[in-house]
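A.B. asks: Dropping the sequence and predicted coords here.
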Amino acid sequence: MKYAIEVQSLYKSFGDLQAVQGATFSVETGEVFSLLGPNGAGKSTTISILSGLLEPTQGEASIMGHSIRSEPEETKACLGVVPQDIALYPDLSARENLIFWGKMYGLRGSALKQRVDEVLEIIGLTDRQKDWINKYSGGMKRRVNIGAALLHKPAVIIMDEPTVGIDPQSRRHILDNVQSLNRQGMTVLYTTHYMEEAAELSQHIAIMDQGKIIAYGTHDDLIRLVGEQTRIDLTLNVEGGRVIDAWKRLEGVSKAVSEDGKVSVLVEDSNRVLPRLFEAANPLGVRILGVDIKEPNLEAVFMHLTGRALRD
Amino acid sequence: MKILDIAFKDLLRSTRNFFLIGMTLVAPLFITGLIYFAFGGLQSGNVSMTAIKVGVVNADTLTADAPLEVPIGKNIRDMFFDDSVKSWITASDYPDEASARTALESQEIGVAVIIPQAFTEKLLAGQTDTPILLLQDPTLTIAPGVVRDMVTSLLDGVAGGGIAFRVISERLQANGLTLDSASLPGLLERYSTWYAGFQRAFFYTPQNAALVLTSPVESGNSFQAMMGLVMAGQLIFFSFFTGAFSMMTFLQEDEEGTLARLFTTPTRRTLILTGKFLAVFLAVVIQGLVLLIIGHLLFGVHWGKPGSFILSLLGQAIAAVGLSVLLISLVKTSKQAGPVLGGGLTFLGMLSGLFTTNVKMPAAFNAIGNFTPQGWVLKAWKLTLSGAPLSQLLLPFLVLLAMGVVMFLIGAVLFRRRYA
């Protein structure tokens, strides 16, 4: 099967709010696919539809060839979902949690016991399997949270921002896990608003904003969208609004965005444009306190496409 | 199978919830225990009262022309020395009131019965100016009441005999006949013998005495019956708490994200909901069984016929699940649920008479209970405790079944809407 996940013109609205507006994308079997976008872009709603939590208002999607509308049980059987927040029973041990979730995926008896042992090994918690979840650190909870989705050896794993709010070490562990699972043949749909994670993990990336897929392709495909543009982040002594219009008019500047006393500018050639930025700021009484020049990346792509920073 | 997995997981979590265990088992037993010890410190199984120490001063004598062979004062005195009450009454004679008072002050005796001179003569003459005097240790409550009631009971018998004698005399006179005075002592003797036996049968054991001397109940002894009602009130009140707080796991799972995660597994939502409802039902049944057994072992409560108490317990569990599902479907968060459940169930419990099971309440108040599930559960348990057969339990059970099903359906519809 070429595509593990196929999404066609998916819509979801909550009253007047259009959370997903015609999202269309396909995830190839055996790849890591990242859905990248800021908070509120519609990523979680999209994967909630794919995992059977929400009914789409319109459109269709399939997982391993099973329609989410007409074959929900079959769809769920080949899917492992890692929720964004820890979704475990705090007053059960890691082993008890895994046994319970394994049963919910239809595992029983010795097969269940063996698989629980394997998963505990994978997540590195064999030694502490009998401890209650509420005794674990945040990173350990995250690992059990992922482990619960692996018990039935799903063909597809959906991970919803699994690294939000955790320490760098646990984050590294999770990213390594994702790559390891992918090497074992699992298809991974990974949502994040960290562009470095998407860049590191994924073969294909879809950028989502305001409910729509605004760009789709490999990392290099997406970078090419901004050409050779460089992003310059400037820290100012005043609000960026005082200078941003002047900078937008400068030759070589394609986009300028202001946020939290910082201005991000997309430029063709940073060496040539940077002195002009200083020149334009001086007459307006704006002092530039810091400059950070970044090579073209996904954040620049997002800014190029939306006129806003990804961190929005 | 998944239904049972979900139910057992919830039950396992309940056993690890100290608050729930407290509300489920500790609180009802603690409150019942307090009442148990407050009312006499009776011990398990048999009701064994502390021996009552009675001092008797009998100054009653008969005149030569008295119609009785033995003064009533002697009958009263002998009643406390009778073999039938020796297991729980220790009686002593005192020559006069002063010596009895001294014994009372030194706590040699708990109650003194002072029978005045010519008591029989004055009683038969209808004079009441020299009654029997009862003196008591002010720290005692039960013993003086028992002694007073025994004396009153005997005197009631004498008075009853007197009334019967007068009625017979009048009827004979109305028919132109007179009672043969020679046969009068024999008649009185036979009546006296019969009544003494009657009294013995009453006071042979403290259980019988308690039955006769306090407000009548349908079966068993009054203390056990009272404890049965107290325990039933606690059992019902806390079973609804158990149901509601077990059902609260629904909201907690929603907040913890595990409910959403359950919905992503290949498990139908109907199965998930059924599993959670089953957990609540099992929690209430297990709690009920544990409390029934402990209530029997600790407080000597006899829960009636097995069929009847099984039906009562079943009706209670059905009603508790129904009300719990309805209440939890009306609240959005576990923070909201705490005060709503606490306040709502306490209010319903009060209306249902769960806290006044041993108090005679106005009929209007009792009628309110007909509109609450707890009220019908209480009816079922009262019938069960009174030894009612299974057939009499059918009406309250059917009402509870109907109430439970209706509340459950309303709650289930609201849940389905919320999680659709």
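C.D. replies: Good, I have the coordinates.

A.B. asks: C-alpha from now on. contacts and neighbour counts both.
C.D. replies: Noted.

A.B. asks: name the element B:A367 belongs to?
C.D. replies: helix B:363-368 (DSSP states H and E).

A.B. asks: Quick one: the strands in the chain, in order.
C.D. replies: Since no chain was named, I'll use chain A. Using DSSP state E, the strands of chain A run over residues A:3-14, A:17-28, A:32-36, A:58-63, A:66-67, A:79-82, A:156-160, A:187-192, A:204-209, A:212-217, A:230-236, A:253-259, A:262-267, A:288-294.

A.B. asks: switch to chain B, that's the one I care about
C.D. replies: B:52-58, B:89-93, B:111-115, B:133-136.

A.B. asks: What pairs with the last one, parallel or antiparallel?
C.D. replies: Under the criterion DSSP bridges, strand B:133-136 sits next to strand B:111-115 (antiparallel) in its sheet.

A.B. asks: Once you drop chain neighbours, what's closest to B:E255?
C.D. replies: B:T333 (7.8 Å; C-alpha to C-alpha, 6 or more residues apart in numbering or on different chains).

A.B. asks: any idea how far that neighbour lies from B:M248?
C.D. replies: 9 Å (C-alpha to C-alpha, to the nearest Å).

A.B. asks: and chain B, which of its residues are near chain A?
C.D. replies: B:2, B:5, B:9, B:13, B:16, B:256-258, B:260-268 (C-alpha under 8 Å from any C-alpha of the partner chain).

A.B. asks: Out of those residues, list just those in helices.
C.D. replies: Those of the residues of chain B next to chain A mapping onto helices are B:K2, B:D5, B:K9, B:R13, B:E256, B:T258, B:A260, B:R261, B:L262, B:F263, per DSSP state H.

A.B. asks: Going by neighbour count, which of the residues you listed comes out on top?
C.D. replies: B:R261 (24 neighbours; other C-alpha atoms under 10 Å in any protein chain shown).

A.B. asks: With adjacent residues omitted, what lies nearest to that one?
C.D. replies: A:A87 (6.7 Å).

A.B. asks: So for the one you found, what's the pLDDT?
C.D. replies: The model reports A:A87 with a pLDDT of 93.

A.B. asks: Could you report the neighbour count for it?
C.D. replies: What A:A87 shows, counting by other C-alpha under 10 Å, is a neighbour count of 24.

A.B. asks: Got phi/psi on it?
C.D. replies: phi -120, psi 80 (degrees, to the nearest 10).

A.B. asks: My read is that it contacts B:G257, right?
C.D. replies: Yes. Between A:A87 and B:G257 there is a contact under C-alpha atoms under 8 Å: 4.8 Å.

A.B. asks: Quick check: which of the strands of chain A is nearest to B:F355?
C.D. replies: strand A:3-14 (47.9 Å; C-alpha to C-alpha).

A.B. asks: list the buried ones in that closest one?
C.D. replies: For strand A:3-14, a neighbour-count test (16 or more other C-alpha atoms under 10 Å in any protein chain shown) marks A:Y3, A:A4, A:I5, A:E6, A:V7, A:L10, A:Y11, A:K12 as buried.

A.B. asks: Quickly list what A:A23 is bridged to.
C.D. replies: Going by DSSP bridges, A:A23 forms beta bridges with A:L10.

A.B. asks: quick one: it from B:I115, how far?
C.D. replies: Counting by C-alpha to C-alpha, the gap from A:A23 to B:I115 is 103 Å.

A.B. asks: So which of those two has more stuff around it?
C.D. replies: Neighbours per residue, other C-alpha under 10 Å: of A:A23 and B:I115, the larger number sits with B:I115, 25 against 20.

A.B. asks: quick one: least confident helix or strand in chain B?
C.D. replies: Every helix and strand in chain B was compared by mean pLDDT, DSSP states H and E; the lowest is helix B:206-213, with a mean of 55.

A.B. asks: still on that earlier bit, what count of nearby residues applies to the residue nearest to B:E255?
C.D. replies: If we define neighbours as other C-alpha under 10 Å, then B:T333 has 15 of them.

A.B. asks: can you pull the contacts of it?
C.D. replies: For B:T333, the contacting residues are B:L251, B:Q252, B:E255, by C-alpha atoms under 8 Å, 6 or more residues apart in numbering or on different chains.

A.B. asks: top of the residues you listed by neighbour count?
C.D. replies: Neighbour counts for these peak at B:L251, which has 20 neighbours (criterion: other C-alpha under 10 Å).

A.B. asks: What about A:L289, how many residues nearby?
C.D. replies: 11.

A.B. asks: pLDDT value on it, please?
C.D. replies: 89.

A.B. asks: these two touch, right, B:N366 and B:M350?
C.D. replies: No. Assessed by C-alpha under 8 Å, B:N366 is found out of contact with B:M350, at 10.8 Å.

A.B. asks: Right, I'll call it a day here.
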